[in-house]
Each structure stands twice: as structure tokens, then as C-alpha cells.
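K.L.:
Quick one, what's the 3D model for this:
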Amino acid sequence: MADDLRTRESLRRKALWTLSHLMPGDPMAAEILDVLDGIEDQEQVELNRHPPILDIDVIRKTVLIERYSSGISIVREASIPQPWRERFLQASIGSTRLVDGLYAHDWEKFLSEWQAEMKRLDAHRGARRARQL
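P.N.:
Predicted structure coming up:
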């Protein structure tokens, strides 16, 4: 299941990055939206078997940020429940981290970016629905 999650979140990440370069209503977005719809369909099947925390406000409150005496704040990878951990790791490929954990500012930035991406995705889906009318 971990490989399925990793593959799915990698595909989602690539699709979201590609979508971010397109304006809502761009015909090139249709194929990407189909990919994202397929990912969400897969996710719904898994929700019935293993319900994860999907609400971003709940996840923001759930993950503990630890402050070191040096002033650096971290998030321990193991404290981030799936699928959020894999989403964050996919979005953070190439980022630096500490041995003890991930930089808390990277985690907070990811959550903010995720919300912006979901708004952008909604705008693309709204434009698709408007075109279908």
C-alpha cells in the first residue's frame, strides 16, 4: 500500500504543478483534471477501507511542531499521518532537512500551498463545468 500511496501522490504532485501553469478554462487542463479525478476516485475507495485525516485544519492542529534550543522548529516525519506525510514528502523532494526532522517552516508553507492548489483546482473544475453547460 505504501508504494501505491507514493505513486499516487507523486502523480498528483506532478499534475498539480502542471495545472498551476494553466489558466482555468485552458483546454490543456482537461487531461490533467482527468488524472486528478482518477486519483481522487482511487482515494475514495481507500477511504472506505482506511479513513485518514483529510481535513487540512485538523492536520494542522494534529502535527506537533517542536522547537529546538537553537531556535529551529521541526516536525518529525513520523508525526504526520498519511496521506499528508507522503504529500509533503513529494512536494519537498530536493529540500534540505535535519536528521531529527523536517523544517517546520517547510511544513507550514506546504499546508498553505496545498490550500492554494486546491482553490486553483476548484477554479479549473468550475471552468470545466461551465464549458460543459
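
K.L.:
With adjacent residues omitted, what lies nearest to the most centrally placed residue in the chain?
P.N.:
Centroid-nearest residue in the chain, with CA atoms, centre = their mean: R87, separated by 4.4 Å. For R87, ignoring the flanking residues on the chain, the nearest one in space by CB to CB, 6 or more residues apart in numbering is E9 at 5.3 Å. Every residue, glycine included, has its C-beta placed from N, CA and C.

K.L.:
Check which helix or strand that neighbour maps to.
P.N.:
Following DSSP states H and E, one finds E9 within helix 2-19.

K.L.:
buried set for that helix?
P.N.:
For helix 2-19, a neighbour-count test (16 or more other CB atoms under 10 Å) marks L5, R8, E9, L11, R12, R13, A15, L16, L19 as buried.

K.L.:
same question, stretch 105-118
P.N.:
D106, W107, F110, L111, W114, E117.

K.L.:
tell me the contacts of the residue nearest to the centre of the chain?
P.N.:
For R87, the contacting residues are E9, R12, R13, F110, W114, by CB atoms under 8 Å, 6 or more residues apart in numbering.
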